[in-house]
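Enquirer: Whatever this is, show me its structure:
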Amino acid sequence: MGQAITRRLTSLGMLVAGIDRVESPLCDLSFVIDVTSHDDVARAVKEVESTLGPIDALVTTAGHYESVALTDVTDEAAKRMLRVHVGGLFACAQAVLPSMRERGSGSIVAITSELAVGGGDRDSHYAMAKGAIIGVVRSLAAEVAADGIRVNAVAPGPTNTPLLPDDSPWRAQDYLDTLPTRALAEPEDVAVCVEYLITGGLFTIGEVLNPNSGAVI
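Expert: The predicted structure is shown next:
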C-alpha cells in the first residue's frame, strides 16, 4: 500500500519522503527507522523539512498484524500492537503539526482497517489498535480543523498485496464470493482514496473511507 501511495503521489508531482524499517527506493528521501521512536521520527521530519521543504501531507501506513485468540494475547503483544499503530501515528503527527499550524494548512491521512469497523475472528488486539486510530483521527480532526489542517483515515479491507499469502483465507474463493465485488481491493484503490483526502476532500474532516470491496457496508 505504501508503494502504491508513493507512486500515486509522485505521479502528481509531489516530493515524497518515506519512514520505514527498510529502504524506500521509490521515495525522494528515505529514512530507515522505527516509527515508535518519537525522537527518531522528529529528527527525520526536521531533515525532510530542511531538504525537501515544508510538509504538506502526512500519510501513516506503518502496521503490524497477527491473528491470535484474545485469551492468548500477551501483555507485550498488545503493547506492541498499540505502539506500532497508535504510537506511530502519534509520533508522526506530533512531528509535523507545528509546521502545519504555522502555515495554516496541511493534511494527515491515517491508514486503519475494516477490522476496526467490523471486527474479525481472532483479531481483537489488532482491531483494538486500528479502532484506536479512528478515535485519534476524529479527535485530532476536531482539534486542528480551525488551524486549516484536515485529518482523515482510510480503512482498507483485505488487499491484494504480497503481504497477503497465497493460502490466506481472504484469498479463498468462498470468502471472495461473500464480497459484493467478488474481488479483493487493490493497493491502487487505497492510493486513490489517499489522493482524494490530500488534494480533493477539502471539506472532508474526520472521515473514514472504506475501500474494502463491500466487506463492511
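
Enquirer: tell me which element the residue of the chain positioned farthest from its centre falls in.
Expert: Distance from the C-alpha centroid of the chain, by C-alpha atoms, centre = their mean, peaks at D174 (28.0 Å). Assigned by DSSP states H and E, D174 belongs to helix 173-176.

Enquirer: Strands of this protein, start to end?
Expert: 17-20, 29-32, 57-60, 106-111, 149-154, 208-209 (DSSP state E).

Enquirer: Present those strands as TSV; the columns should include mean pLDDT and mean neighbour count.
Expert: C-beta here means a position set from N, CA and C on the backbone, and glycine is covered the same way. Listed next are the strands of the chain as TSV, based on pLDDT from 0 to 100; neighbours: other C-beta atoms under 10 Å:
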stretch	mean pLDDT	mean neighbour count
strand 17-20	96	21
strand 29-32	97	16
strand 57-60	98	22
strand 106-111	98	24
strand 149-154	98	25
strand 208-209	97	20
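
Enquirer: Make JSON lines from these and add distance to M128 to it.
Expert: What follows is the strands of the chain, written out as JSON lines (distance: least, C-beta to C-beta, whole Å):
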{"stretch": "strand 17-20", "distance to M128": "23"}
{"stretch": "strand 29-32", "distance to M128": "28"}
{"stretch": "strand 57-60", "distance to M128": "17"}
{"stretch": "strand 106-111", "distance to M128": "15"}
{"stretch": "strand 149-154", "distance to M128": "16"}
{"stretch": "strand 208-209", "distance to M128": "16"}
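
Enquirer: what number of residues lie near the nearest residue to L52 once chain neighbours are set aside?
Expert: Nearest residue to L52, sequence neighbours excluded (C-beta to C-beta, 6 or more residues apart in numbering): L15, at 4.8 Å. Neighbour count of L15, defined by other C-beta atoms under 10 Å: 15.

Enquirer: and L15, how far is that from G157?
Expert: Applying C-beta to C-beta, to the nearest Å, the value for L15 to G157 is 30 Å.

Enquirer: That concludes my questions; thank you for your assistance.
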